[in-house]
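Peer 1: build the 3D model from these lines:
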Amino acid sequence: MTSKKISIPQVLLCGALIVTLSMGIRHGFGLWLQPVTQAQGWTRETFALAMAIQNLTWGVAGIFAGMLADRFGAFKVIVGGAVLYTLGLIGMAHAPTPLMFALSCGVLIGMAQAGTTYAVIYGVIGRNVSLERRSWAMGVAAAAGSFGQFLMVPVEGWLISSLGWQQALVTLGMAALLIIPLAWGLREPGFTGGTPVKREQTIAQALSEAFAYPSFQLLMAGYFVCGFQVVFIGVHMPSYLKDHGLSPQVASYALALIGLFNVFGTYAAGVLGQRLQKKNILAFIYFSRSIAITVFLLAPLTPLSVYVFSAVMGLLWLSTVPPTNAAVAQIFGVAHLSMLSGFVFFSHQVGSFMGVWLGGYLYDKTGSYDMVWMIAIALGVAAALVNLPVRETAIRRSAAAQA
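Peer 2: Numbering: from 1, shown residues only. Here you go, the predicted model:
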């Protein structure tokens, strides 16, 4: 691989702005649940299923987006993702049937997010930032995604109230095109000539090595829980609060607070990942989430309790992202980082699928979200336990293994 690299400020600025837009738009989708279902006469499960398909598509497509980015560079992958994002948002606004809604909101936007979020961006960071600063740099990128949530969710709520839910989606579709000029700043010198970079391992060797390594499996298991918890809360909490008599503004402020405090949580996780064992950071985050959800359910539900819960969950929200991806890079190196991060993230998205779909399904069956909250608590404890045995040291490779 070429020794030339993009400057760290350029990588962080362009990568952070791309994640801010991509994650910021996506974080507010829960605000559309009731406007869409009421206008179209659909059930909550219909909306939840489309979101579940989106998360699963994101996970599957993320694997291939990572492979393409590792082999040919991130630039073209990000541009393609931005175009799909615009098409998906416009399609979501005008979908006449649940099937078309699932194809646009689910498939197109899921593919778009695969090409414009963490797996691809973290591959660029891993290749251009040294090991000594890598966890910190990943924390900066994750914090940018959190800032996007804080910035975009109130904007999206304002767009819905001012323009209507359909025109608000079209407006966001146009905003997604801003990702394209930002992607230009992530053109890596080693990929610009169109010749794939030579690597010590083939894709098959890298995958065989990773999936045979117990710590990789444990990281995937923990990330499944992360996806289940955050997507269930992000999509269903606005409706949960409205069901209990709180105003839509409380939900908007709650999601914005999650984004604001996650800026600090993800950055802190990235910084601490340079000093502490990443597995211990992850175990603490997952266990703390279970405690926070338990206290939230036991306390009287008021705007204040919602805001306190949102702030605490915000500190823990995407703070799993920097230590998880930095651990993968530390164990396996950066040559296939986007692809391996894509597989770990696929597990996250399977959890996201289960969390968002199960939320809608069990609500329609039981009339409440109580059972899903209980599942989220139990999974948090389980995730804390499975991360403790992870071994973070670089894997030893024999010369024969590369033959």
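Peer 1: okay, and Ser319 sits in which element?
Peer 2: For Ser319, there is no helix or strand it lies in under DSSP states H and E.
Peer 1: for burial, what's the neighbour tally of it?
Peer 2: 32 (other Cβ atoms under 10 Å). (Each C-beta comes from the backbone N, C-alpha and C, glycine too.)
Peer 1: contact partners for it?
Peer 2: When contacts are counted by Cβ atoms under 8 Å, 6 or more residues apart in numbering, Ser319 is found next to 142, 262, 265-266, 268-269, 281, 285.
Peer 1: among the residues you listed, which pair sits farthest apart?
Peer 2: Asn262 and Ile281 (14.9 Å; Cβ to Cβ).
Peer 1: number of nearby residues for the residue lying closest to Ile63 once chain neighbours are set aside?
Peer 2: With sequence-adjacent residues excluded and distances taken as Cβ to Cβ, 6 or more residues apart in numbering, Ile63 is closest to Gly342, at 4.2 Å. By the measure other Cβ under 10 Å, the count of residues near Gly342 is 29.
Peer 1: where exactly do the helices run in the stretch 151-300 of the chain?
Peer 2: With DSSP state H, counting those that start in this stretch, the ranges of helices along the stretch 151-300 of the chain come out as 165-176, 179-183, 203-211, 214-243, 248-272, 278-298.
Peer 1: make CSV from those and add distance to Ala93 to it.
Peer 2: Shown next, in CSV, are those (distance: least, Cβ to Cβ, whole Å):
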stretch, distance to Ala93
helix 165-176, 4
helix 179-183, 19
helix 203-211, 38
helix 214-243, 18
helix 248-272, 19
helix 278-298, 33
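Peer 1: between Asn262 and Ile281, who's got more neighbours?
Peer 2: Of the pair Asn262 and Ile281, Asn262 is the one with more neighbours under other Cβ under 10 Å, namely 31 against 24.
Peer 1: check whether that one really touches Leu151, as I assumed.
Peer 2: No: using Cβ atoms under 8 Å, Asn262 is not in contact with Leu151; the gap is 11.9 Å.
Peer 1: buried residues in stretch 88-106?
Peer 2: Across stretch 88-106, burial judged by 16 or more other Cβ atoms under 10 Å covers 88-93, 95, 98, 101-106.
Peer 1: ugh, wrong one, I meant stretch 266-278
Peer 2: 266-270, 272-274, 277-278.
Peer 1: low-confidence ranges in the stretch 301-403 of the chain?
Peer 2: 397-403 (pLDDT under 70).
Peer 1: now the helices for it?
Peer 2: Under DSSP H, counting those that start in this stretch, the stretch 301-403 of the chain gives helices at 303-316, 321-332, 337-366, 370-387.
Peer 1: which of these is buried the deepest?
Peer 2: helix 321-332 (a mean of 27; mean count of other Cβ atoms under 10 Å).
Peer 1: that one vs helix 337-366, what angle?
Peer 2: Inter-element angle recorded for helix 321-332 and helix 337-366: 140 degrees (by axes from the mean of the first three to the mean of the last three Cα atoms, to 10 degrees).
Peer 1: got a list of contacts for helix 321-332?
Peer 2: 118, 122, 126, 131, 134-135, 138-139, 142, 145, 206, 209-210, 213, 215-216, 219, 222-223, 266, 269-270, 272-273, 278-279, 281-282, 337, 340-341, 344, 390-395.
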